[in-house]
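> this one's structure only:
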């Protein structure tokens, strides 16, 4: 999925190089700095923010988020109807839309795409293309049937009411792909993305850059930019220098260590937004010693969150007191979280049979992430606190894609940095994805199981009444916090560094690069 695309070889490589280097051309080329390589560009097959950044510019979904929010508005569906019992969704599709390869977008092609996702016997099934880490089950698990009513209408019948259905459809992970391209490229579609979005994929040079060009036939209007280049800077200082010199216009992954150097730069704006993000340390709940809740609670009492936030996050983070970020509706303000109490941590370890602590490997990604702009420095800080209670850790740093591959095997028995950025603004996207048994091992990487929590979360999905959903999520938060499958560390503000010549760029709480057709350079 990281292969050089031979069909678009040297001419495009040369063109891309000139694009970045030539000031005259750079006026309409937006360069976005990222710290890691995507793991693929098929929206339902991959699940990491770096891939999402790029895919948000290539694909559209039936519905989308209003700029700067997670409120749903029309996209490829210009309107929809929901039956009173919440079991039938009818989408009226936008007419005259084509995929970037010229394939018409209509009810028939949309249903072909659904077949690819939901019918494992389909000749073009996504499950025949490699590992699948997307949101297929989450989005469609309550779908009983679907059909093209006519050329411009699609109908879903649900088994039971499912409150997050619309917001899930708007996620970048539910981007609509060209069925013709999926058939043509087969296993290699992940490297040949084709959607209906504002930018068309042109080139991927692994561990270097991805080049996209404006879609002149975009249904939402031709983009104001000629192209977007996602340029990889694994070294945050190199990305910072490129931004200050004007070689990069937006830093998508901004490390907190870079913030002081940017605050006084007259050419750079630090854009912030309340973050739908959480960050912590995953504890493998099915492996000794972490299968004892007292051990997991001890590690939570061992760290000083306020000190970590002050030292590493420049005031852009707050301690987690719940499995939800405070900006998420449903957040339970009554929960106080874990205080810094190393004496209590040692007492709990002693009760669990580990009076002298223990040793364990500590896996960490090696780059800043949107949910953790301190990157591996968080692991170093936590390591120091754990040592004070007798828990010795050896940190092993990995590139984010490789690290996710390892912890998603369901077999890794060390502790590891873990985090999440909300995809749709619904508490279900945090609590069910991160702590539901059905999500082991892809998003529930600590392999946490609690049947009571599962029942509460499934009941909340089916509950149409907002206040009742809030009450259910309050129950779940309390139990999960007590069970401590993570060391719950913090929730950060979304921070992006943007040069002043960039106009029309709006942050989205999901951190994705939505609405990029409206962005210009002046």
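The structure has been received and is ready for your questions. Worth saying up front: this structure is predicted, and the values here are computed from it rather than measured. Residues are numbered from 1 along each chain as shown.

> give me the number of residues near residue 343?
9 (other Cβ atoms under 10 Å). C-beta here means a position set from N, CA and C on the backbone, and glycine is covered the same way.

> what does the one 3 residues further on give?
Residues lying near residue 346 (other Cβ under 10 Å) number 19.

> pretty sure it is touching residue 356, no?
No. When contacts are counted by Cβ atoms under 8 Å, residue 346 is not listed as touching residue 356 (10.0 Å).

> so residue 347, which of the three states?
Secondary structure assignment for residue 347 (DSSP: H, G, I helix; E, B strand; the rest coil): helix.

> Give me the common contacts of residue 346 and residue 356.
Each of residue 390 lies in contact with both residue 346 and residue 356 under the rule Cβ atoms under 8 Å, 6 or more residues apart in numbering.

> Just give me how far stretch 447-462 sits from the chain centre.
Centre-to-centre, stretch 447-462 and its host chain are 22 Å apart (Cα atoms, centre = their mean, to the nearest Å).

> what is the rounded mean pLDDT of it?
For stretch 447-462, mean pLDDT is 98.

> Buried residues of that stretch, list them for me.
By 16 or more other Cβ atoms under 10 Å, the buried positions in stretch 447-462 come out as 447-450, 453-454, 456-458, 460-462.

> Of those, which is the nearest to residue 256?
Proximity of the buried residues of stretch 447-462 to residue 256 (Cβ to Cβ) peaks at residue 448, which lies at 28.4 Å.

> ok, which pair from the buried residues of stretch 447-462 is furthest apart?
Checked with Cβ to Cβ, those reach their widest spread between 447 and 462, with 25.2 Å between them.

> For the lengthiest helix in the chain, name the packing helices and strands.
Identified as the longest helix of the chain according to DSSP state H is helix 466-483. Under the contact criterion of 3 or more Cβ pairs under 8 Å, 6 or more residues apart in numbering; DSSP states H and E, helix 466-483 touches helix 293-301, helix 428-435, helix 451-462.

> what's the longest one packed up against?
Contact analysis of helix 451-462 by 3+ Cβ pairs under 8 Å, 6+ apart lists helix 428-435, helix 466-483 as its packing neighbours.

> So residue 417 versus residue 366, what's the distance?
From residue 417 across to residue 366, the span is 10 Å (Cβ to Cβ, to the nearest Å).

> More neighbours: these two, which one.
More crowded of residue 417 and residue 366, by other Cβ under 10 Å: residue 417, with 28 against 17.

> what's the most buried one of the helices and strands packed on helix 451-462?
Among the helices and strands packed on helix 451-462, helix 428-435 has the highest mean neighbour count (mean count of other Cβ atoms under 10 Å), at a mean of 25.

> helices or strands next to it in the packing?
Judged by 3+ Cβ pairs under 8 Å, 6+ apart, the packing partners of helix 428-435 are strand 415-421, helix 451-462, helix 466-483.

> run the last query once more with 7 Å
When contacts are defined as 3 or more Cβ pairs under 7 Å, 6 or more residues apart in numbering; DSSP states H and E, helix 428-435 packs onto helix 451-462, helix 466-483.

> between the last one and helix 293-301, how many degrees?
If I follow you right, that is helix 466-483. In terms of direction (axes from the mean of the first three to the mean of the last three Cα atoms, to 10 degrees), helix 466-483 departs from helix 293-301 by 100 degrees.

> Now the element after helix 466-483, going C-ward?
strand 486-492 (DSSP states H and E).

> helices or strands up against that following strand?
strand 277-282, helix 293-301, helix 305-312, strand 317-319.

> Now do the first one, average pLDDT.
The one in question is strand 277-282. The average pLDDT within strand 277-282 is 98.

> List the strands paired with that strand, with their directions.
Sheet pairing of strand 277-282 (DSSP bridges) gives strand 415-421 (antiparallel), strand 486-492 (antiparallel).

> all strands for the stretch 251-400 of the chain, in order.
268-273, 277-282, 317-319, 358-365, 391-398 (DSSP state E, counting those that start in this stretch).

> Contacts for the fourth one next, please.
By Cβ atoms under 7 Å, 6 or more residues apart in numbering, the surrounding residues in contact with strand 358-365 are 289, 375-376, 379, 383, 391-398, 400, 403, 406-407, 414-417.

> Pull out the buried residues from those.
Buried among the contacts of strand 358-365 by 16+ other Cβ under 10 Å: 289, 375-376, 379, 383, 391, 393, 395, 397-398, 400, 403, 406-407, 414-417.

> Give me the residue at the spatial middle of this structure.
residue 49 (4.1 Å; Cα atoms, centre = their mean).

> What distance do you get for that one to residue 311?
Computed as Cβ to Cβ, the residue 49 to residue 311 distance reads 24 Å.

> same question, residue 54
Taken as Cβ to Cβ, the span from residue 54 to residue 311 is 32 Å.

> Throw the buried residues of stretch 447-462 into a markdown table and include distance to residue 73, thanks.
What follows is the buried residues of stretch 447-462, written out as a markdown table (distance: Cβ to Cβ, whole Å):
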| residue | distance to residue 73 |
| --- | --- |
| 447 | 37 |
| 448 | 35 |
| 449 | 37 |
| 450 | 36 |
| 453 | 32 |
| 454 | 32 |
| 456 | 30 |
| 457 | 27 |
| 458 | 28 |
| 460 | 24 |
| 461 | 22 |
| 462 | 25 |
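
> Show me which of those is closest to residue 264.
residue 448 (44.0 Å).

> so where does that closest one fall, helix or strand?
Using DSSP H and E, residue 448 sits in no helix or strand.

> which one is it nearest to, not counting chain neighbours?
residue 485 (3.7 Å; Cβ to Cβ, 6 or more residues apart in numbering).

> hang on, isn't residue 145 packed against residue 157?
Yes. Between residue 145 and residue 157 there is a contact under Cβ atoms under 7 Å: 4.6 Å.

> ok, those two, which is more surrounded?
Ranked by neighbour count (other Cβ under 10 Å), residue 145 and residue 157 place residue 157 first, with 14 against 9.

> Show me what the host helix or strand of that one pairs with in its sheet, parallel or antiparallel.
Take DSSP H and E as the rule and residue 157 turns out to sit in strand 153-158. Applying DSSP bridges, strand 153-158 is found paired with strand 88-93 (antiparallel), strand 143-150 (antiparallel).

> how much space between the closest residue to residue 224 other than its chain neighbours and residue 270?
Counting by Cβ to Cβ, 6+ apart, residue 224 lies nearest to residue 520, which is 4.0 Å off, once chain neighbours are set aside. Residue 520 sits 20 Å away from residue 270, taking Cβ to Cβ as the criterion.
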